[in-house]
Structure formats: C-alpha cells, structure tokens
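Visitor: I'll drop the sequence and a predicted model, then ask my questions.
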Amino acid sequence: MEQENRRVRLEQQAHSPLLEGRTVIQEVVQGSPAATILTTAQTRQADLIVLCSHGRTGLKRWALGSVAQKIARTGPVPVLVLNERAGAPFSTQISTRPIRVMVALDGSPLAEHALQPAIQVSTALSAPFPGVLHLVHILPLFLAFEYGQEDSVAKMRRKSMQKAQTYLAQLQKQVLANNPTISVTSTLAINQDIAGTLISIAETGEGEGLNEPAGTSDLIALTTRGCGGFERWIIGSIAVRILNSTRLPFLIVHPSSFPQADAFSPQEKR
C-alpha cells in the first residue's frame, strides 16, 4: 500500500506544471537509501543528484546524516542539497538575472574540482544570461598580532596573502580562457572561522577579514575532499555548520566526478 501511495505521489509530481515539457522517469525502489540512490544514479547515467529537506525526513537527516555523507564521499556525480526553509531557490521560469555560484577554494587542485560543475549549474540556471562564478579563498590566519610579536610572523602572513592573491588571479584567468562567456570574480579572506566566513560571504557579501564587500551568492559549491585539510570542510564540523546555518543551496562535488577539472589548476604552471 505504501509503495502504491509513493507511485501515486510520483505520478502527480511528474505531471505538475513545473515539469511540463520535460522528460520525466518515475521509479520507486527499495533498499538502503544511500546505496540505492548511488546505484540508480549510475544506472540512469544521471548528471546530478538532488536532495531536499521535506516531510518527516528533514534537512538534518538527509543533509547531515550518513545518507548524504555516503553519497557525497562516493557519489559518481555532484550532489545538490536544497533547504526547505528557503523555499524555491531559483525561478521556475526563464531567468530574470544570472545565478551566482560561490566556489570555496583552499589552494589545492582537488578543491578546484568544484569549478566545472559550478560553471555548468550557473550557466544552466542563468540562461539566457551567462553564468556568474565567484571564487573564494580563505586563509586561516590570525587577523591581528600582539604587541612585540616578531616581524617574521607578519612577513609570513604577507607572503601567504600575496601567494593566495596570485593563485586566485591565475585561476580566474584560466576559468575565463575555458569559458569566455561566463563572468568571474574572486575574494580573498583572512579568518580562522572558515565556515562562518563562507556563510557570511555567500549570504551577505561581507565577512570579517575582507577588504571590501564581495556581493551575495545564490549557491555554495565545495569539493568533498582535498589537500591542506580541505576534507574537514565537507565531512567535519565546518560542513555540518554550513548546512545547519545557511539557507542557500549547497553543491557538493566528489573529485572523481569531474576529472577534467584538473585543467583549471594553475599549480602545474608554477
């Protein structure tokens, strides 16, 4: 009976005005949620897995529980998590403005695997306008130094900032070279609170450690793991805090989903 009720609900959704003119495949399956979703995505050759808070399941169980973590860690394609509290995140009709996707980077090539799917999502949702990408690199450095601190520490901080600025400039140039129609901006922030700064930049365009406002974003994109401790961003407490605190859609990318993203890495040219 329950399975039949689910089929009826799927049938209703398939014929909703939102899906008019689109090809819809309906399928009710049984089994472990994470394993079944992953298997179905591979079988159907899906390009994206979308999870949303709804009904009794809720965002915490799907987005912060073992199901979404397993999918994000091993998923063959990017995973987009929507928040029910935010309502419809994008227009269901023709876009009236570009959709701005913020990509969080840590300076590693693996973190850059979020670039290509972020570009594709922004381009698809922004049509007929070109997509908009905002690159954000956060340095977990101290914002201030105590009196009498050695000058070498300050010099190290300036060196790190210069290196990060060069990295962002090179990456921005390469993204534009591969996607000449897309608009790309970037922000370098200094703050040990990575999660809080990412949320602030994405939602308000502001954040402690920013030289100037960055502009708000419509979606946050992150890679599931990478060098320099980036794995903790998604699987650890930082990701949990982002998903708990932000109402923005969250695009989670596994590196194996987009191996061609290595082409964006300026590290090979250094």
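Guide: Great, that's in hand. Numbers count the residues shown, from 1 in each chain.
Visitor: At which residues are the strands of the stretch 1-150 of the chain located?
Guide: 49-52, 79-82, 100-105, 132-139 (DSSP state E, counting those that start in this stretch).
Visitor: Would you convert those into a markdown table that also reports mean neighbour count, distance to residue 253 and mean pLDDT?
Guide: Bear in mind the C-beta positions are built from the backbone N, C-alpha and C, glycine included. Output for those, formatted as a markdown table (neighbours: other Cβ atoms under 10 Å; distance: least, Cβ to Cβ, whole Å; pLDDT from 0 to 100):
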| stretch | mean neighbour count | distance to residue 253 | mean pLDDT |
| --- | --- | --- | --- |
| strand 49-52 | 17 | 11 | 83 |
| strand 79-82 | 22 | 8 | 84 |
| strand 100-105 | 27 | 9 | 93 |
| strand 132-139 | 23 | 14 | 92 |
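Visitor: So for residue 198, which of those strands sits nearest?
Guide: Nearest of the strands of the stretch 1-150 of the chain to residue 198, taken as Cβ to Cβ: strand 100-105 at 5.5 Å.
Visitor: closest to residue 19 out of the strands of the stretch 1-150 of the chain?
Guide: Comparing those by Cβ to Cβ, strand 49-52 comes nearest, at 13.2 Å.
Visitor: Residue 103 against residue 131, yeah?
Guide: No: between residue 103 and residue 131 there is no contact under Cβ atoms under 8 Å: 11.6 Å.
Visitor: Name the residues contacting each of those two.
Guide: With contacts defined as Cβ atoms under 8 Å, 6 or more residues apart in numbering, no residue is shared by residue 103 and residue 131.
Visitor: And the residue nearest to the spatial centre of the chain, its phi and psi?
Guide: Residue closest to the mean C-alpha point of the chain, counted by Cα atoms, centre = their mean, is residue 221 at 1.3 Å. The phi and psi values for residue 221, taken as degrees, to the nearest 10, are phi -120, psi 130.
Visitor: which residues touch residue 161?
Guide: Residue 161 makes contacts with 139, 188, 190, as judged by Cβ under 8 Å, 6+ apart.
Visitor: Name the nearest of those relative to residue 197.
Guide: For the contacts of residue 161, the residue nearest residue 197 by Cβ to Cβ is residue 190; the value is 8.7 Å.
Visitor: Report the separation between the closest one and residue 155.
Guide: According to Cβ to Cβ, to the nearest Å, residue 190 stands 15 Å off from residue 155.
Visitor: Look at those two and report which has more neighbours.
Guide: Between residue 190 and residue 155, residue 190 has the larger neighbour count (other Cβ atoms under 10 Å), namely 21 against 10.
Visitor: That one against residue 141, yeah?
Guide: Yes: Residue 190 is in contact with residue 141 according to Cβ under 8 Å; the separation is 5.1 Å.
Visitor: Now the longest helix anywhere in the chain: average pLDDT?
Guide: The helix that spans the most residues within the chain, counting by DSSP state H, is helix 151-178. Taken as a whole, helix 151-178 has a mean pLDDT of 87.
Visitor: chain center to it: distance?
Guide: How far helix 151-178 lies from its chain's middle: 21 Å, per Cα atoms, centre = their mean, to the nearest Å.
Visitor: For it, buried residues please.
Guide: The neighbour-count check on helix 151-178 (16 or more other Cβ atoms under 10 Å) flags 157, 164, 167, 168, 170, 171, 172, 174, 175 as buried.
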